[in-house]
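Asks: Make a model of this:
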Amino acid sequence: RGDSSLPPVLNGVVLAGVSGVPQQNITKRVQFSDDDTWVEATANHRSDTTLLLGGDGHYHVGLRFFNVAIPPGATIQRARLYLTSAETIYKNMRVTVYGDAVPNSPDFRVGGLVTARDRTERAAVWSVASSEGWIPSREYASPELKEIIQELVDQPGWVANNAISLLLIASPSDATPHRV
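Replies: Purely as a prediction, here's the structure:
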């Protein structure tokens, strides 16, 4: 689309490379329409096919991964989030990635706004400079998220096959959000 007045658009969300004890790799995709959302002001946008992220801190994203088979006591060795851009955009983007600080994250139909959910103490800052650009259909990897996932699976009440949500909270960085 190339419209620089709109936020970036994301699609193809994947939580990958989660590994624990016993050694295994897990790749999870968002499975249901109520498991991903973007927030503008006081509204979740769950039915959109793309997500808006960034945009001067106005567009936040929530991603829920259902049935995550990490057993209690597992040690997370690595974890990353992969997003696929839905547009060409050359704008700065800075988001802070948190986990939804509950042992079994509800979907976004019933679990409230991304911005209103309790957040993990651990977080990771994901910055993309305008010079790097986002290109349609290209996959972009987050910084390391293992400490966030570790905090989630270390909670009392965590059991294998619970759901995990990642909360991408935008920082004021530019006026245009990214579409993913």
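Asks: make it CA atoms for all contacts and neighbour counts henceforth
Replies: Noted.
Asks: so what's V97 closest to, chain neighbours aside?
Replies: Among residues not flanking V97 along the chain, L168 sits closest, at 4.6 Å (C-alpha to C-alpha, 6 or more residues apart in numbering).
Asks: doesn't the one you found fall inside a strand?
Replies: Yes - assigned with DSSP: H, G, I helix; E, B strand; the rest coil, L168 falls within a strand.
Asks: what does stretch 145-152 rub up against?
Replies: When contacts are defined by C-alpha atoms under 8 Å, 6 or more residues apart in numbering, stretch 145-152 is touched by residues 18, 75-81, 98-103, 120-124, 158, 164.
Asks: now these: which count as buried?
Replies: 18, 75-81, 98-103, 120, 122-124, 158, 164 (16 or more other C-alpha atoms under 10 Å).
Asks: from these, which ones fall inside strands?
Replies: Counted as lying in strands by DSSP state E, out of these, are 18, 80-81, 98-99, 124, 164.
Asks: Tell me which stretches of this protein form strands.
Replies: 8-20, 24-29, 36-40, 43-45, 51-54, 59-68, 80-85, 93-99, 124-128, 139-141, 162-170, 177-179.
Asks: quick one: which of the ones you listed has the weakest pLDDT on average?
Replies: Looking at these, the lowest mean pLDDT belongs to strand 8-20 (a mean of 46).
Asks: quick one, what contacts the residue nearest to V97?
Replies: 53, 60-62, 95-98.
Asks: can you list contacts of stretch 158-165?
Replies: Residues contacting stretch 158-165 (C-alpha under 8 Å, 6+ apart): 62-72, 99-100, 103-106, 152-153.
Asks: can you rerun that using 10 Å?
Replies: With contact meaning C-alpha atoms under 10 Å, 6 or more residues apart in numbering, stretch 158-165 is reached by 15, 30, 35-36, 62-74, 98-108, 114, 119, 149, 152-153.
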